[in-house]
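S.K.: This is a predicted model, with the sequence first.
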Amino acid sequence: MNITAAQAPASSVITHYIAGRPVTSSRPPFANVDPATGQVVGHVHEADAGIVDMAVRAARDALHGPWGRLTDGERAAILRRLADGIRARFDEFVAAEVRDTGKPYSLASHLDIPRGAANFDVFADQLAHGATEAFRSPTPDGGIALNYGLRTPRGVIAVICPWNLPLLLMTWKVAPALAFGNTVVVKPSEETPSTTTLLAEVMNDAGVPPGVFNVVHGFGPDSAGQYLTEHPDVNGITFTGETRTGTAIMKAAAVGVRPVSFELGGKNAAVVFADCDLDAAIAGTTRSAFLNSGQVCLGTERIYVERPIFDTFVARLKQAAEALRPGDPNAGDTTFGPLISKAHRDKVLSYYARARNEGASIVTGGGVPSLPAPLSGGWWVEPTIWTGLPADSAVLTEEIFGPCCHIAPFDREDEAIAAANDSPYGLATSIWTGDLSRAHRVAAAIEVGVAWVNCWFLRDLRTAFGGAKQSGIGREGGVHGLEFYTELRNVCIKL
Ligand SMILES: NC(=O)c1ccc[n+]([C@@H]2O[C@H](COP(=O)([O-])OP(=O)(O)OC[C@H]3O[C@@H](n4cnc5c(N)ncnc54)[C@H](O)[C@@H]3O)[C@@H](O)[C@H]2O)c1
Ligand SMILES: O=C/C=C/C=C(\O)C(=O)O
């Protein structure tokens, strides 16, 4: 929910950050709201087309400045300083992320901020070990030619991020972009402006030249997001967010034929076989269904359980869901947070109502928890589990992005695979089985970008990360970002 500055206290003002300095804009700032309480905690400047143009120009100028002349080793050293700079201000980053998202301190301090720093380390490492191809090529005249690959930065990259893992997903894009010599104009989600703004300060302190990293704040359509993706001097667009937003951005990218790197929506399935380690499957599926209040793209909203253990699995997951503790995000025993906004909570509750109206069996949840003030003003919903809905129910086909999942039984492996693949999305899956051959067989059959076996959200940052089908375009991580963040030229020299 965003209201004008007139209604918002002047407690904290977030401005843009262009060419190494804060920049304000003329549009009425919008309010930043704490989702745990619904209270306004500050306000944020909204970029107009002129501000976005200023940022893109600064990024273009920086490409031709000292940044463009740094060696890989010098850029790697700066990336490591960025990681250290985030860690040096760890408490500030955690507090800012918790305030913007309402997520529990335990989650922001163990996932969001540590990964926000680690993303810079992994790409600094990549620079130290990167290589390109070379060939000694026989020539028709009996001589030799040398062919070698030469990677150059793509240029000015537009980076547009969602609100669920704000710093993690921002540096997951900024780190490779800068590692490979690009400059960036980034737009964090309007819901979560704070940690990216702190990152701008860390950039300054780490010696990143002005203009290499620029931040513009605002919304999508008719605001910073649209102006940035439509700017003709942007050479590539990396975006994480909803699939339908990706469609709109892809149309903008088509003008000028700019490449895109997309991490989009999902409707991920877990497949649980009767021979699994049930304790591990329950623990892992509790995380995949309810972590970050279900606001994780890799999360599980569809669970298929082999019939012999179906009733036990449902009972155990119910017990785990009911043990989650909503509360003050900064309280040590809080393990469950609110949704990001009133609009998103209304969306999730609309699916709760649909499930009820379609006759689902509500195993647990389905409503709003009763919490004391000031939390009663926040955007809370109950962790929810359903069974008994038909496969074509909207609850089983559309991304809800909330703390809810549907469990259905299956009798045969091929039936479970077909159910898991029955989706326009293809982001992630988790497979729980004690049979190693089956693990490999099923992981090869489910059409996703990331398949976990007997685990979930276990990440080696060098591996390929991204979605198949309508869940994404391209891959991030390790060497895989090279295709988007660099141009590869072949040089052929007649010797
Ligand atoms: N695949 C992944 O790795 C991944 C990771 C996290 C979230 N997601 C997805 O993100 C979604 C939730 O995040 P969200 O609600 O912020 O997504 P969203 O698409 O509504 O917004 C994402 C970002 O895009 C901007 N935006 C919106 N419309 C735009 C437009 N027309 N032009 C340019 N920018 C525009 C927004 O301001 C925001 O910064 C879910 O669908 C989730 O699955 C995917
Ligand atoms: O909500 C989506 C989570 C995305 C996670 C990553 O991009 C990652 O782990 O690199």
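M.R.: Received it, and whenever you're ready, just let me know what you need. Source: prediction; values computed, not measured. Ligands and ions are numbered 1, 2, ... in the order given.
S.K.: and Arg345, how many neighbours?
M.R.: 21 (other CB atoms under 10 Å). All C-beta atoms are positioned from the backbone trio N, CA, C, and that covers glycine.
S.K.: Verify the contact between it and Glu382 for me.
M.R.: No: look at Arg345 against Glu382 with CB atoms under 8 Å: they stay out of range, at 11.3 Å.
S.K.: Give the other helices and strands that the helix or strand harbouring Lys347 contacts.
M.R.: Assigning secondary structure by DSSP states H and E places Lys347 in helix 342-357. Contacting helix 342-357 under the criterion 3 or more CB pairs under 8 Å, 6 or more residues apart in numbering; DSSP states H and E are the following elements: strand 384-387, helix 394-397, strand 404-410.
S.K.: ok, residues contacting that helix?
M.R.: Under the criterion CB atoms under 8 Å, 6 or more residues apart in numbering, residues 1, 38, 294, 338-339, 362, 365-368, 379-381, 384, 386, 389, 393-395, 398, 400-402, 404, 406 lie in contact with helix 342-357.
S.K.: near ligand 1, from those?
M.R.: Phe401 (CB under 6 Å from any ligand atom).
S.K.: Show the residue spans covered by the helices in the stretch 151-300 of the chain.
M.R.: Per DSSP state H, counting those that start in this stretch, the stretch 151-300 of the chain carries helices over the ranges 166-179, 194-205, 224-229, 243-254, 278-290.
S.K.: Between helix 194-205 and the longest one, find me the angle.
M.R.: Direction vectors for helix 166-179 and helix 194-205, defined by axes from the mean of the first three to the mean of the last three CA atoms, to 10 degrees, enclose an angle of 40 degrees.
S.K.: Around ligand 1, pick out the residues from the stretch 251-400 of the chain.
M.R.: Contacts of the stretch 251-400 of the chain with ligand 1, taken as CB under 6 Å from any ligand atom, map to Glu263, Leu264, Gly265, Gly266, Cys297, Glu399.
S.K.: run the last query once more with 5 Å
M.R.: Within the stretch 251-400 of the chain, the positions near ligand 1 by CB under 5 Å from any ligand atom are Glu263, Gly265, Cys297.
S.K.: repeat for the stretch 51-200 of the chain
M.R.: Checking the stretch 51-200 of the chain against ligand 1 by CB under 5 Å from any ligand atom, the hits are Ile160, Pro162, Trp163, Ser189.
S.K.: now, which of these sits nearest Ala281?
M.R.: The closest of these to Ala281 turns out to be Pro162 (CB to CB; 28.3 Å).
S.K.: Now do the contacts for the nearest residue to that closest one once chain neighbours are set aside.
M.R.: Leaving aside its sequence neighbours, Pro162 sits nearest to Gly241 (CB to CB, 6 or more residues apart in numbering; 4.6 Å). Gly241 makes contact with Ile160, Cys161, Pro162, Glu263, Leu264, according to CB under 8 Å, 6+ apart.
S.K.: switch the cut-off to 10 Å
M.R.: 160-164, 169, 189, 220, 225, 248-249, 262-265, 297 (CB atoms under 10 Å, 6 or more residues apart in numbering).
S.K.: can you pick the most crowded of the residues you listed?
M.R.: Glu263 (28 neighbours).
S.K.: For that residue, give me its contacts.
M.R.: By CB under 10 Å, 6+ apart, the contact set of Glu263 is 161-162, 169, 172-173, 238-241, 246, 297-298, 427, 449, 465-467, 471-476.
S.K.: Point out where the protein drops to low pLDDT.
M.R.: 1-11 (pLDDT under 70).
S.K.: which residues do Arg345 and Glu382 both contact?
M.R.: Counting by CB under 10 Å, 6+ apart, the shared contacts of Arg345 and Glu382 are Val368, Gly402.
S.K.: From the centroid of the chain, which residue is nearest?
M.R.: Leu169 (4.4 Å; CA atoms, centre = their mean).
S.K.: so that one makes contact with Asp112?
M.R.: Yes: taking CB atoms under 10 Å as the definition, Leu169 is a contact partner of Asp112 at 9.3 Å.
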